[in-house]
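Chemist: Mind looking at a prediction? Sequence and model below.
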Amino acid sequence: MNWLTNAAHARWLENETDALLDFASGAMVEEGFAYLSSEGEQIPAEGSQLWLTCRMIHCFALGSLLGRPGSATMVDHGLRALSGHFRDDVNGGWYAQVGPDGPMDDTKAAYAHAFVILAGASAASAGRPGGKELLEEALTVSLQRFWREDEGMVVESYDRTFTDLEDYRGVNANMHTVEAYLAAADVTGDDTWLERATRISRRVVDDFARNQSWRIPEHFDANWQPLLDYNMDSPSDPFRPAGATIGHWFEWSRLVLHVRAAWAARGVSAEDWMLEGAQALFDLGVTEGWDVDGADGFVYTVDWDGKPLVRERMHWVVTEALAAAAALYRVTGDANLAAWYQLWWEYAAVHLIDTENGSWVHELAPDNGPSATVWAGKPDTYHAVQATLIPRLPLTPVLAPALAQGLLDTH
């Protein structure tokens, strides 16, 4: 039985999409969307964070395109928060975190701004008022503030006024910029965004990853020299963990396949490194990430010899492995990928999907017991929602534009 071609499994995925959107609906607050606890309760001290609010807009835009009543209201609410509470009308861009009394963190980061682009693209695909305008504004900010044409990459973060630029450069922000630029290319019809997504992907995968035995360096100095010892004194950082991050190998594997498919749809032959890199990253993620320490699950990070560094299990790593397996199967038809896909959904159902409190447990200990070393609570449904939809959609266009074109379950 191949679940990737099974209509009954697609119905199960649809039910899980609905359950995740239902859980996420409890996050709505005046300033956007709140950080939720493990029980789905709002945590006021966390305020509304830009990256989370934008991910919620994206998820509810997908819900609206799936015909889920109430989702459009959530999208519109999030768009109002971005145009009001989050927007810096003086300096441009959007604040990183806001509360009832205004900004709680007024920095401007490429990571979060990539999700503003994604939110705008998905809202525009869903036909929500203000979505297209948000997308255009977010792309302008990205191009003027973060993109570096000579480097083919984005820089990391600024202060409130876009004056002081952090010396650090990060692959994580660039990864989500690829995701955002792919969506922008599909929605706007401007292939310049696809070209930029390709340039980032080529440098990260065909250069940085290849030269490090496919273990992607995450942290760099201002000249894009890798900092392989970065954060070794705090290896469990949620955004800048030490070593190499297993889940990002799967995420890059899938994103490269989206890039490859986008060019193919435009009649452009794929570059050799694309499928090679996607396969290599996936294979290494399985070899060095899955069940490497005596228990099922993916370790969070490994060192530069491929040995486990942080052994806690993050829910989002499983979702990205599932999505990458589905994407790579779409390209290769390899039955082994379908087997991994089934095994990882089995793991998710047993250990991660919380049928009592809703959503997915965000972190497990190395023995798959409770843990909150890196992620407390359940603030994020984005990874899991996408894992329920990517197996049901083509590789190009990307999620929201594909749904808008009626391509669900048509591949």
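Modeler: Cool, got the structure. Numbers count the residues shown, from 1 in each chain.
Chemist: List the buried residues of the lengthiest helix in the chain.
Modeler: The single longest helix within the chain, with elements called by DSSP state H, is helix 246-265. The neighbour-count check on helix 246-265 (16 or more other Cβ atoms under 10 Å) flags 246-263 as buried. Using the backbone N, CA and C atoms, a C-beta is placed for each residue, glycine as well.
Chemist: cool, stretch 389-400 as well?
Modeler: 389, 390, 391, 392, 393, 394, 395, 396, 397, 398, 399, 400.
Chemist: ditto for stretch 34-53
Modeler: For stretch 34-53, burial by neighbour count (16+ other Cβ under 10 Å) applies to 34-36, 38, 40, 42, 46-53.
Chemist: And it, end to end?
Modeler: One end of stretch 34-53 sits 8 Å from the other (Cα to Cα, to the nearest Å).
Chemist: what does that stretch contact?
Modeler: Stretch 34-53 has contacts (Cβ atoms under 8 Å, 6 or more residues apart in numbering) with 23, 26-29, 31-33, 78, 81-82, 85-86, 94-99, 104, 111-113, 115-116, 119, 354, 357-359, 361-362, 376-380.
Chemist: what does stretch 66-79 give?
Modeler: For stretch 66-79, the external contacting residues (Cβ under 8 Å, 6+ apart) are 14, 17-18, 21, 24-25, 28, 32-33, 53-54, 56-57, 60-64, 119, 123, 126, 128-131, 134, 403, 408.
Chemist: Buried among those? Need that as a selection in PyMOL.
Modeler: Those of these that count as buried under 16+ other Cβ under 10 Å are selected in PyMOL with:
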select buried, resi 14+17+21+24+25+28+32+33+53+54+56+57+60+61+62+63+64+119+123+126+128+130+131+134+403+408
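Chemist: so which pair among the buried residues of stretch 34-53 is furthest apart in space?
Modeler: 38 and 50 (22.6 Å; Cβ to Cβ).
Chemist: Can you select the buried ones from the contacts of stretch 34-53 in PyMOL?
Modeler: In PyMOL syntax, the buried subset of the contacts of stretch 34-53 is picked out as below (16+ other Cβ under 10 Å):
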select buried, resi 23+26+27+28+29+31+32+33+78+81+82+85+86+94+95+96+97+98+99+104+111+112+113+115+116+119+354+358+359+361+362+376+377+378+379+380
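Chemist: Looking at the contacts of stretch 34-53, which are in strands?
Modeler: Those of the contacts of stretch 34-53 mapping onto strands are 28, 29, 32, 33, 97, 98, 99, 104, per DSSP state E.
Chemist: How about the contacts made by the third one?
Modeler: Yep, that's residue 32 we're talking about. Here residue 32 is in contact with 48, 52, 53, 56, 77, 78, 81, 82, 85, 86, 98 (criterion: Cβ under 8 Å, 6+ apart).
Chemist: at 7 Å what do you get?
Modeler: The contact partners of residue 32, by Cβ atoms under 7 Å, 6 or more residues apart in numbering, come to 48, 53, 78, 81, 85, 86.
Chemist: How about residue 132?
Modeler: Contacts of residue 132 (Cβ under 7 Å, 6+ apart): residue 124.
Chemist: For it, pull up the helix or strand it's in.
Modeler: Assigned by DSSP states H and E, residue 132 belongs to helix 131-141.
Chemist: can I have that helix written out in PDB, keeping just the CAs?
Modeler: Presented in PDB, the C-alpha positions along helix 131-141 are these (Å, rounded to 0.1, in the frame of the first residue of the first chain):
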ATOM      1  CA  GLY A 131      -3.200  40.700   0.300                       C
ATOM      2  CA  LYS A 132      -1.800  41.900  -3.000                       C
ATOM      3  CA  GLU A 133      -0.900  45.300  -1.500                       C
ATOM      4  CA  LEU A 134       0.900  43.600   1.400                       C
ATOM      5  CA  LEU A 135       2.800  41.400  -1.000                       C
ATOM      6  CA  GLU A 136       4.000  44.300  -3.100                       C
ATOM      7  CA  GLU A 137       5.100  46.300   0.000                       C
ATOM      8  CA  ALA A 138       6.900  43.300   1.600                       C
ATOM      9  CA  LEU A 139       8.700  42.600  -1.600                       C
ATOM     10  CA  THR A 140       9.800  46.200  -1.800                       C
ATOM     11  CA  VAL A 141      11.100  46.100   1.700                       C
END
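Chemist: Show me which positions of that helix end up buried.
Modeler: Going by neighbour count (16+ other Cβ under 10 Å), the buried part of helix 131-141 is 131, 132, 134, 135, 137, 138, 139, 141.
Chemist: swap in stretch 74-93?
Modeler: Going by neighbour count (16+ other Cβ under 10 Å), the buried part of stretch 74-93 is 74-79, 81-82, 85-88, 93.
Chemist: ok, now stretch 150-169?
Modeler: The neighbour-count check on stretch 150-169 (16+ other Cβ under 10 Å) flags 152, 153, 154, 155, 156, 157, 158, 160, 162, 168, 169 as buried.
Chemist: any idea where the helices of the stretch 101-250 of the chain begin and end?
Modeler: Ranges of helices within the stretch 101-250 of the chain are 110-125, 131-141, 171-188, 192-201, 246-265, based on DSSP state H, counting those that start in this stretch.
Chemist: Mind giving me the packing neighbours of the first one?
Modeler: Spelled out, that is helix 110-125. When contacts are defined as 3 or more Cβ pairs under 7 Å, 6 or more residues apart in numbering; DSSP states H and E, helix 110-125 packs onto helix 50-65, helix 71-83, helix 131-141, helix 171-188, helix 399-404.
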